[in-house]
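[1] Following is a predicted model, sequence given first.
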Amino acid sequence: MPKVRRSTKPPPEGWDLIEPTLEELDKKMREAEAEPHEGKRKVEALWPIFKLHHQKSRFIYDLYYKRQAISKDLFDYCIKEKIADQNLVAKWKKSGFENLCCLRCIQTRDTNFGTNCICRVPKTKMQDERVIQCIHCGCKGCSG
């Protein structure tokens, strides 16, 4: 399978260190997209795709902000080439959103009562210990 075409500008220094991991995540993404969805609800078919998208963005975010293992040029390149989700990374930098699973969970227009998704409710505020999954991405609790 051919590699995904990037811009004509060559990638910055350090790209060869993160490329194998990104290629592996791209391979898993292609498998998740081609996976049969018979027997699943319509929303459940998208959960693996959301999970891999989050994982790829989180990988880039952690390398730059947590471990300082990549340069700003390489981080900007990944954002510009849409390897990492710019809006999701911006939310992770804000207080209270460090563990956010996806942007749909904080959009109030997608819920019946104009509130956040159930996965944003802290586990201490839940009435009982039942397992709740987000309908958008399958998250079991990203509020911390």
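    Cool, got the structure. Being a predicted model, the structure only gives us computed values, none of them experimental. Numbers count the residues shown, from 1 in each chain.
[2] only C-alpha atoms for contact and neighbour calcs from this point on.
    Fine.
[3] Would you mind measuring from the most centrally placed residue in the chain to S7?
    The residue lying closest to the centre of the chain (Cα atoms, centre = their mean) is H54, at 1.3 Å. Using Cα to Cα, to the nearest Å, H54 is found at 23 Å from S7.
[4] wait, doesn't L103 sit right on Q86?
    No: using Cα atoms under 8 Å, L103 is not in contact with Q86; the gap is 11.0 Å.
[5] Pull out the buried residues from stretch 47-67.
    Under the neighbour-count criterion of 16 or more other Cα atoms under 10 Å, stretch 47-67 has 47-54, 56-58, 60-61, 64 buried.
[6] need the longest helix for the chain.
    helix 15-34 (DSSP state H).
[7] So which elements touch the following helix or strand past it?
    Next in sequence after helix 15-34, counting helices and strands by DSSP states H and E, comes helix 47-61. Identification of packing neighbours for helix 47-61 by 3 or more Cα pairs under 8 Å, 6 or more residues apart in numbering; DSSP states H and E yields helix 15-34, helix 86-92.
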